[in-house]
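>>> fold the following for me, if possible:
(2 chains)
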Amino acid sequence: MIILDVKLNNLYGFKDFDIAFSYPKKIVNSIIENEHVAERPNFRYKKAVILMGANATGKTSLGKALLNIISFINTGDTSTLASMAPVGCNGSFLIDFVNNGFTLHRVCGKIGGHYPYDGDIGSEITIEYSSAPIGPKDSYEMCAEKLVNQTKMIAGDYAKLGKIVGRLDFTFSCPDIKPTAKVTKVNRNIVLKTLKAVIGTLDPTLSDVRISKDLRNSFIIRRNGEEIIIQDGKLLNRESLSSGTAEGVDISFFLAVLIAEHNGFYYCDEHFSYIQSDIEKRIFGIMLEHLDSNEQLIFTTHNTDMLDLNIPKHCFAFLRKKQEDDYRVSVTYASDILKRNSDSIRCAVENDVFSSLPDESALDALEKGADDEE
Amino acid sequence: MRSKRGQTMKNNCIYFVEGRCEEKLLNALKEQPQKIQSGRVKVFNVIQNILSNSQLITIQPGTTVALVFDTDIPLTDCLKDNIRRLGKYCSKVKIVYLPQVLNFEGEIVRCSDLRSASDLTHSKSNKDFKRDFCAMTNIRAAVEHVNLNVESLWAEEPPVDFAFLERNSSFIKL
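I've put the predicted structure just below:
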C-alpha cells in the first residue's frame, strides 16, 4: 500500500493540513531504487520518509489519524473516525492511495461534530470515494486530475468500501501502540532472527534467544540463569532489561513484520528514544532495504544524526507548529528548499531553515537570576 | 589536529576489515601515539560480500573508507562492485586500499622482525595463530616489540589481479 496524499482538517488538532508523498523528478544514482509504483515508472512516491519536528507538532497524531482512517476503510466501523473530531466541530479528511493493482483511490470523509451525550456518534459521517486507473506513463499528478468528477457517495454500508479497494496492510508502532496483533501472524523464525540481531546488538549479554517450547507465541531470552519472556509480542518482565533493550524488543517485532509482509505501509513512531544513534541509523537502513515495491515507511524521530544519512533530500519532511490566528501544523519538505547536491540538511536544520526548531523562550524563566514576575 | 600532509582531521574514517585479527591490529595502531587515522573499524569482507545499502546510507559525505583485504585468492568481482557502489552512492568519499600480501600473517611477517606469525603469539601452530592473536591483551606492545613497521604495512605490490587498485595506503598513516 502506498499513500500519496493526506489532507486533514479539524481532526486531532490538524487544520488545513496537507502532506504529500509524491516527488516530481527521478533522482539519478539514488540509493533507494525503484521509488515508484511497480511497472509505473512515472508514478513516483516517496518510499521512505523521515518525519521530524519539535514536540507536539503532530507526528504521533498523524500516525494515529492514518491508522483510524485505514481501519475504517478496512472494516467500515465509523467509531474510530468520530473520535478524531473535536467535540462540537466538523472535521474532514482526504486520502489518496494505491493498493494492489494500477488504481489510484481517493477516500474523502466528513465527520460531523458530535457531543458526548449523542447516542449515535457515527450518524453524521459522509464518505465519498473516487478512483482512476494508472496508465503506463501516468504520474500521480496526472491521475489525481482524472479523479475530479468521478466521485461516488458511499452511504450506509461502509464495509463495501473495503471490498472495492481491497484490504489495506498498515503497521503502526509507537511506544504506546505495539504491532502485537500482527506479530503473532509472522513466521516465528523471522521474529527470532530479528530479536537475536537487535537485542544482541543492544546488549551483547543477551545472545541466547529462543522460541519457547512450552508457552504459546513466546520467546525466551536467557541471561545468567534468568529468563526473560516475551509472549504475544509483549515483554512480560520489562524491568529486567534496560530501557533501550526493552524498546529493542518492540523494534524487533516491527522489523519482523516489515521483513515478512509485502505490500504494506509502515509507520514507526519514535521508537528509538532510548537507543544509540548509530544503531538507529543502521536499523532504519535495514528497514529501507527490506521495503519491497509498493511499500512505504514513515519514520519519525528527534535524532538529528538521521539528517546525515546518505539518502535523497525528498525523504526528509519537517512538521512545524506556527501561531497564526490559532496554532497550525504544516509540513515542509527538505527537497523544496535545498536544491543543490552540496546542500547539507543537518546544517539547514541547525540554522532553522525549515522553521522546525522549537521555541525555547518559555524556559528562560527558569534561568538562574531570571526575574520573578507574577 | 593536522596530519603530516597538512589535512585537518575533521573527516570521518571507516575501516572495513577482513576479520577479527585485522580489527584488533587496527584498534591497536589507533592507540596513542597514533600510527593510523582514527576511525570506526567494522569487520566486513569486501572480497566476498557486497556492502549493503543499509551500510552505505550511514557513510557521510567526505568520509575516508579504508578497505583491508587479503590478496591470496584472485577474486576481485565483489571488491570492484563495492568500489563502484561506494563511488556511486556515497558522495565525496575517499577510498583507501589496504591490501594484505598475501594475507594477515604474511603482512605482519613482512613488516616486522618475525620469522613466522606464530612467533608473535607463541602459538603451537600457524593454525592457532588467529585465535591466539585475537585473545592477546596488549597487541600494541607486542607488535612494537617485534618492530612492526607501519610505513611498510599494506604498501607491498599486490598480485597482478589486484593491479587496478590505487596504491594509497599512506593516506591513513600518520
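>>> from here on, contacts and neighbour counts on C-alpha atoms
Fine.
>>> so which residue of chain A comes closest to chain B?
residue A:285 (3.8 Å; CA to the nearest CA).
>>> helix or strand for that residue, which one?
helix A:277-290 (DSSP states H and E).
>>> give me the helices and strands touching that helix, please.
helix A:243-260, helix B:53-56 (3 or more CA pairs under 8 Å, 6 or more residues apart in numbering or on different chains; DSSP states H and E).
>>> so that helix versus helix A:243-260, what angle?
Helix A:277-290 and helix A:243-260 are oriented at 10 degrees to each other (axes from the mean of the first three to the mean of the last three CA atoms, to 10 degrees).
>>> buried deepest among the helices and strands packed on helix A:277-290, which one?
Comparing the helices and strands packed on helix A:277-290 by mean neighbour count (mean count of other CA atoms under 10 Å in any protein chain shown), helix A:243-260 ranks first with a mean of 22.
>>> which elements pack onto that helix?
By 3+ CA pairs under 8 Å, 6+ apart, helix A:243-260 packs against strand A:169-173, helix A:180-183, helix A:188-202, strand A:264-269, helix A:277-290.
>>> returning to that earlier point: which residues touch the helix holding residue A:285?
A:32, A:48, A:255, A:258-259, A:272, A:297, A:303, A:305-306, A:309, B:53-55, B:57-58 (CA atoms under 8 Å, 6 or more residues apart in numbering or on different chains).
>>> sheet partners, orientation included, of whichever helix or strand comes after that helix?
Using DSSP H and E, the helix or strand that follows helix A:277-290 in sequence is strand A:296-300. When pairs are called by DSSP bridges, strand A:296-300 turns out to pair with strand A:48-53 (parallel), strand A:264-269 (parallel).
>>> and the last one with strand A:169-173, angle?
Right, strand A:264-269. Going by the same axes, to 10 degrees, strand A:264-269 makes 10 degrees with strand A:169-173.
>>> on that earlier part again, which of the helices and strands packed on helix A:243-260 comes out lowest on mean pLDDT?
Note on the helices and strands packed on helix A:243-260: lowest mean pLDDT is at helix A:180-183, with a mean of 62.
>>> where's residue A:189 relative to residue A:288, distance?
According to CA to CA, to the nearest Å, residue A:189 stands 21 Å off from residue A:288.
>>> so residue B:50 touches residue B:80, yeah?
No: counting by CA atoms under 8 Å, residue B:50 does not reach residue B:80; the two are 9.7 Å apart.
>>> grab the nearest non-local neighbour of the closest residue to chain A within chain B.
Nearest residue of chain B to chain A: residue B:54, at 3.8 Å (CA to the nearest CA). Closest residue to residue B:54 apart from its sequence neighbours, by CA to CA, 6 or more residues apart in numbering or on different chains: residue A:285 at 3.8 Å.
>>> how about residue A:206?
residue A:200 (5.5 Å).
>>> tell me which element residue 69 falls in.
You didn't say which chain, so I picked chain A. Counting by DSSP H and E, the element that carries residue A:69 is helix A:59-75.
>>> my bad, chain B
Taking DSSP H and E as the criterion, residue B:69 maps to strand B:64-70.
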